[in-house]
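Engineer: Show me how the following folds:
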Amino acid sequence: MDDKWLVGVDLGGTTIKMAFINQYGEIIHKWEIKTDISEQGRKIPTDIAKSIDKKVGELGESKTKLLGIGIGAPGPVNFANGSIEVAVNLGWEKFPIKDILEVETALPVVVDNDANIAAIGEMWKGAGDGAKDLLCVTLGTGVGGGVIANGEIVHGVNGAAGEIGHITSIVEGGAPCNCGKTGCLETIASATGVVRLAMEELIETDKESVLRTLLAENDYLTAKNIFDAAREKDELAVSVVDKVAFHLGLALANSANALNPEKIVLGGGVSRAGDILLDAVKEYFKRFAFPRVSQGVELAIATLGNDAGIIGGAWLVKACISTK
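Structural biologist: I've put the predicted structure just below:
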């Protein structure tokens, strides 16, 4: 059993990341394919199955080498039957990904939310460093979250636990969110949220800023532009990062006050801002968290990058399939 490979799959709206991983969480081989969202994403399970078969053959192995598949997908997951309740970006609603993929691959499949498997990956082999009480927040195009309590992912009554991105700001109103509410953390601390805040600052103030020059030259800004400018002490960029850190620190503090975690791990593209964001978030977190909670937790940047999901998927196989 120890020589079997675990298959980790991280299903995104643009690409599907896949890997063969050994029992110790070490990546043997990884690759990715494009996500085909045509026909309401119906081709996705077949594309995954064909890609796995092709890669096994290229590596000169038999499919018997594979123990099972652990897949993370966007949106709430019915963990009992492995269906995706709704994934707007993929066109899925109550989509039975587990059943279809098991038929297509003849392998057992475990499904969970993509933010959850990123949290598991960081717990197992990343910044979580084995912590059994952990909150992982992914700051990307949106904001996702995974909660681990006593070494187990918290799913909630209908698979929607850990939706940190939809904690509502203390400021009434706010920008509209894809979920239908306004003022969600996702509208502020995501990559798109950071850019939106910068654009608002540029419109509402006459402050000189390197961001004005970049916008004029390129006709767009990125979150990286803003964090880079903040490192250079650009006043407008510093103001934007402070606002992001305030809301993120507050949301994390409120979440931690309920969960009392050992680790809070920030992942996703925005987290690559590093200390310019993390240090500011830590200050606001300390300000808003219950003192005892603050004393017990460590905030850290994720270390696995884009590999968190595939490693977390492999852990699902190891934990849920190899024990059967």
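Engineer: quick one: the strands in the stretch 1-150 of the chain?
Structural biologist: All strands of the stretch 1-150 of the chain, identified by DSSP state E, counting those that start in this stretch, fall at 5-11, 15-21, 27-34, 66-73, 77-78, 83-87, 92-95, 109-113, 134-139, 143-149.
Engineer: helices and strands around the first one, which ones?
Structural biologist: It refers to strand 5-11. strand 15-21, helix 44-58, strand 66-73, helix 114-125, helix 308-320 (3 or more C-beta pairs under 8 Å, 6 or more residues apart in numbering; DSSP states H and E). (Glycine included, C-beta is placed from N, CA and C.)
Engineer: Would you mind saying which of those lies nearest E262?
Structural biologist: Taking C-beta to C-beta, helix 114-125 is the member of those nearest to E262, at 10.1 Å.
Engineer: roughly how far out does the closest one sit from the chain middle?
Structural biologist: 9 Å (C-alpha atoms, centre = their mean, to the nearest Å).
Engineer: Just the pLDDT for G25.
Structural biologist: Predicted confidence (pLDDT) for G25: 95.
Engineer: State the mean pLDDT of stretch 57-75.
Structural biologist: On average, stretch 57-75 scores 94.
Engineer: again with stretch 95-115
Structural biologist: 95.
Engineer: Stretch 217-229 too?
Structural biologist: Here the average pLDDT along stretch 217-229 is 95.
Engineer: Use 106 as the first number from now on
Structural biologist: Shifting the count to begin at 106 puts that one at stretch 322-334.
Engineer: So which bits of that stretch are buried?
Structural biologist: 326, 328, 330-334 (16 or more other C-beta atoms under 10 Å).
Engineer: just stretch 122-141 next, same as before
Structural biologist: Buried residues in stretch 122-141 (16+ other C-beta under 10 Å): 122-126, 128, 130, 135, 137-138, 140.
Engineer: Could you chop the chain up by domain?
Structural biologist: 110-226+412-425, 234-408 (automatic domain parsing).
Engineer: what distance separates the start and the end of the first one?
Structural biologist: Going back to what we said before, that points to domain 110-226+412-425. For domain 110-226+412-425, the first-to-last residue distance is 14 Å (C-alpha to C-alpha, to the nearest Å).
Engineer: repeat for the longest one
Structural biologist: In terms of C-alpha to C-alpha, the two terminal residues of domain 234-408 are separated by 10 Å.
Engineer: Mean confidence (pLDDT) on stretch 247-256, please.
Structural biologist: Here the average pLDDT along stretch 247-256 is 92.
Engineer: hang on, I meant stretch 227-244
Structural biologist: Rounded mean pLDDT across stretch 227-244 is 93.
Engineer: So which of the helices and strands packed on strand 110-116 is nearest E403?
Structural biologist: helix 219-230 (12.6 Å).
Engineer: Does the closest one pack against any helices or strands, and if so which?
Structural biologist: On the basis of 3+ C-beta pairs under 8 Å, 6+ apart, helix 219-230 makes packing contacts with strand 110-116, strand 171-178, strand 239-244, strand 248-254, strand 257-258, strand 368-372, helix 413-425.
Engineer: Just name whatever secondary elements the helix or strand just after the fifth one is in contact with.
Structural biologist: Toward the C-terminus, strand 257-258 is succeeded by helix 291-294 as the next helix or strand (DSSP states H and E). In terms of contacts (3+ C-beta pairs under 8 Å, 6+ apart), helix 291-294 is packed against helix 296-309, helix 340-364.
Engineer: Surely E388 is in contact with L353?
Structural biologist: No. With contacts counted by C-beta atoms under 8 Å, E388 stays clear of L353, the gap being 11.3 Å.
Engineer: So which of the two has more stuff around it?
Structural biologist: L353 (27 against 13; other C-beta atoms under 10 Å).
Engineer: doesn't E291 make contact with the more buried one?
Structural biologist: No. Using C-beta under 8 Å, L353 is not in contact with E291; the gap is 10.8 Å.
Engineer: Can you measure across stretch 332-347, start residue to end residue?
Structural biologist: End to end - C-alpha to C-alpha - stretch 332-347 spans 11 Å.
Engineer: what comes up buried for it?
Structural biologist: 332-335, 339, 341-346.
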